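> Take this sequence and fold it.
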Amino acid sequence: MKTTRNTAAKTAVLQILTKSKTALSHTEIQKQTNDLCDRVTIYRVLDRLVNDDVIHKVVNLDGTVKYAKCHHNAQRVHIHNHAHFSCENCHEVTCLENVKPSYIIPHNYKVNDINFTLSGLCPNCLNSNT
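Reported below is the predicted structural model:
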């Protein structure tokens with residue numbers, strides 16, 4: 001079994017992502033760490049958490065990479081078969097856990113990752129425009 005170090009930076013980043021209802025960019029995470037660590041350390045922590053299947057990357061409509069905490073089932077199996085919603089107004093990216101993307105590919109292809117993003121207006125922006 002692989003062991004990992006729990007650093008103050010890793011703990012802080014994970015707490016920030018756990019508390020967030022939306023996916024966050026590196027810059028948004030860095031602002032919330034209150035100068036606990038530099039930007040390079042945050043990138044390293046994010047890369048490690050992605051590689052460990054603790055968080056996942058989502059690219060929003062303008063190409064910004066955002067990060068969200070992964071969900072696991074009772075057997076600690078990583079679940080990432082859901083869609084994301086990218087708001088065209090406020091640019092927040094939300095995991096839509098109950099929206100399962102479906103696709104059909106030829107038998108000689110192997111899928112390693114799915115990035116399924118819907119775009120439009122989130123409920124907050126939709127309500128503020130009416």
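> quick one: residue 37 and residue 69, what's the gap?
Relative to residue 69, residue 37 is positioned 19 Å away (criterion: Cβ to Cβ, to the nearest Å). Where C-beta positions appear, they are placed from N, C-alpha and C, glycine not excepted.
> Look up how far residue 45 lies from residue 33.
For residue 33, the distance to residue 45 under the criterion Cβ to Cβ works out to 10 Å.
> Now do the shared contacts for those two.
Counting by Cβ atoms under 8 Å, 6 or more residues apart in numbering, the common neighbours of residue 33 and residue 45 are 9, 13.
> Any idea what residue 56 is bridged to?
As for beta bridges, residue 56 partners with residue 68 under DSSP bridges.
> So the closest residue to residue 83 other than its chain neighbours: helix, strand or coil?
In space, residue 83 comes closest to residue 99 once its chain neighbours are excluded; the distance is 4.1 Å by Cβ to Cβ, 6 or more residues apart in numbering. Here residue 99 is coil, with the state taken from DSSP: H, G, I helix; E, B strand; the rest coil.
> Residue 99 contacts residue 81, correct?
No - counting by Cβ atoms under 8 Å, residue 81 is not a contact partner of residue 99; they are 9.7 Å apart.
> Assess the claim that residue 95 and residue 82 are in contact.
Yes - shown here, residue 95 and residue 82 form a contact pair, counting by Cβ under 8 Å, at 5.9 Å.
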